[in-house]
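[1] Here is a sequence together with a model predicted from it:
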Amino acid sequence: MAYISSEVTKLLAEQAALEKALSEAREKEMRLALIEIVQKMREYDISLSELLGRRPGEQHAEVEPKYRDPVTGATWSGRGRVPHWIVGQDRNRFLVTSGAGLSTERQAPLFFETR
């Protein structure tokens, strides 16, 4: 077992305390930012669809699955949280290879032109 001086031990404890305080401060700041965003959305009557760049009344297109679990048949579009059955594995093994073409839909722009 390696010897660690009391000074190093003290500094490591301080580092851990600072990292915890920094993490808590960032989380608090994020919550405050989210509250401010929601307040502005309400104040200006901005819908979530508009925030995502969709025009008012525009329908959200369904996204075809890009990956399929061969065991359960569960699918994933490649968006959002990664499912447990694909985490840490080569995603190419799970690509959907059916004749249906996969959509390569671009991300909606944050701001769109008004006509």
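    Yes, it's here. Remember, it's a predicted structure, so these values are computed and weren't measured experimentally. Residues are numbered from 1 along each chain as shown.
[2] For the rest of this, base every contact and every neighbour count on C-alpha atoms.
    OK.
[3] Helix or strand with the lowest mean pLDDT in this protein?
    The helix or strand of the chain with the lowest confidence, counting by mean pLDDT, DSSP states H and E, is helix 48-51 at a mean of 82.
[4] Apart from its neighbours in sequence, what residue is nearest residue 75?
    Closest residue in space to residue 75, ignoring its immediate chain neighbours: residue 68 at 4.3 Å, by Cα to Cα, 6 or more residues apart in numbering.
[5] what pLDDT does the residue nearest to the spatial centre of the chain get?
    For the chain, the residue sitting closest to the mean C-alpha position, by Cα atoms, centre = their mean, is residue 80 at 5.8 Å. pLDDT for residue 80: 88.
[6] can you check residue 65 too?
    pLDDT at residue 65 comes out at 91.
[7] residue contacts, it?
    Going by Cα atoms under 8 Å, 6 or more residues apart in numbering, residue 65 touches 75-78, 96, 102.
[8] ok so, going back, next, the buried residues of the least confident helix or strand of the chain.
    For helix 48-51, the neighbour count (16 or more other Cα atoms under 10 Å) marks residue 50 as buried.
[9] Same check on stretch 82-101?
    Within stretch 82-101, the residues that count as buried by 16+ other Cα under 10 Å are 94-96.
[10] Secondary structure added to these, as a markdown table?
    Shown next, in a markdown table, are those (DSSP: H, G, I helix; E, B strand; the rest coil):
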| residue | secondary structure |
| --- | --- |
| 94 | helix |
| 95 | strand |
| 96 | coil |
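[11] distance between the lengthiest helix in the chain and the chain's centre?
    Assignment by DSSP state H gives helix 6-43 as the longest helix of the chain. Centroid separation for helix 6-43 versus its chain: 19 Å, with Cα atoms, centre = their mean, to the nearest Å.
[12] Just flag the most distant two among the contacts of residue 65.
    75 and 102 (13.0 Å; Cα to Cα).
[13] and these two? which has more neighbours close in?
    It is residue 75, of residue 75 and residue 102, that has more neighbours when counted by other Cα atoms under 10 Å, with 18 against 14.
[14] contacting residues around the more buried one?
    By Cα under 8 Å, 6+ apart, the contact list for residue 75 reads 65-69.
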